[in-house]
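Participant: Got a predicted structure here, sequence first:
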Amino acid sequence: MTEDQEQSSRRPGRLRFRVLALILVMQALMLVWVADSEMARNVYLVCYSIMMPTALYLLFARALRRWLPFEDHELILGYIVLTATIPIIGFGGLRFLTTGMGYLPFFSETIPQFARYLPAVKNLPVLHDMEAIQQLYRGGHAVPWHAWIVPIGFW
């Protein structure tokens, strides 16, 4: 089967597993980079440096093009997803997202006005385990990863 026949036999619009794997690996690398920079080392990433992973992605995709098993539209999809990931994990967003996940449930105990917003938060992919929320704000305990799986996976 020639390459043209193979491409025409594929269903259009179908996302191949290797493209999804590429996107998830690149997002994980970006997440580790931002978490290490902003959270662990307390270095604020400015708008120029936060775009470095996507620029490197394009550079490596072009340089390694003949060895990569991806088509143009798949590489562009990877770039689009990585670019859309930047506002979530960059510019301090990751720091505010993780610490803000349990804000309403935790502070509704001392600020009763917040309790009326709790039903709206119930269906959102945020931290719901009250013990994990207490540990988040009070500290001194190991991270309860079982409670964080859904929020981390979603965001």
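Facilitator: Arrived safely.

Participant: Please state the backbone phi and psi of E131?
Facilitator: Dihedral pair for E131: phi -60, psi -40, per degrees, to the nearest 10.

Participant: Am I right that it is in contact with H146?
Facilitator: No. Under the criterion of Cβ atoms under 8 Å, E131 lies out of contact with H146, with a separation of 10.4 Å. Every C-beta, even on glycine, is put in place using the N, C-alpha and C of the backbone.

Participant: What residues sit buried inside stretch 73-82?
Facilitator: Within stretch 73-82, the residues that qualify as buried by neighbour count (16 or more other Cβ atoms under 10 Å) are E74, L75, L77, G78, Y79, V81, L82.

Participant: which of those lies closest to L124?
Facilitator: Comparing the buried residues of stretch 73-82 against L124 with Cβ to Cβ picks out V81 as the nearest, at 21.7 Å.

Participant: Let me see the confidence value for Y44.
Facilitator: Confidence at Y44, expressed as pLDDT, is 65.

Participant: ok, which stretches of this structure are helices?
Facilitator: 3-9, 17-34, 47-50, 52-63, 72-89, 93-100, 103-107, 118-121, 130-138, 145-154 (DSSP state H).

Participant: How about T85, nearest residue that isn't a chain neighbour?
Facilitator: Q27 (5.5 Å; Cβ to Cβ, 6 or more residues apart in numbering).

Participant: which secondary element of the chain has the worst mean pLDDT?
Facilitator: When the helices and strands of the chain are scored by mean pLDDT, DSSP states H and E, helix 3-9 comes last with a mean of 51.

Participant: Which residue lies closest in space to V126, excluding its sequence neighbours?
Facilitator: M101 (4.4 Å).

Participant: what about that neighbour, neighbour count?
Facilitator: Summarising burial for M101: neighbours were counted as other Cβ atoms under 10 Å, giving 24.

Participant: Need the phi and psi values for it.
Facilitator: Recorded main-chain torsions at M101 are phi -60, psi -40, according to degrees, to the nearest 10.

Participant: Test my guess that it contacts P151.
Facilitator: Yes. Using Cβ under 8 Å, M101 is in contact with P151, at 5.9 Å.

Participant: list residues touching both of the two?
Facilitator: Taking Cβ atoms under 8 Å, 6 or more residues apart in numbering as the contact rule, the neighbours common to M101 and P151 are V126, L127.

Participant: still on that earlier bit, name all residues that make contact with the residue nearest to T85.
Facilitator: If a contact means Cβ under 8 Å, 6+ apart, then Q27 has V81, L82, T85 as its contacts.
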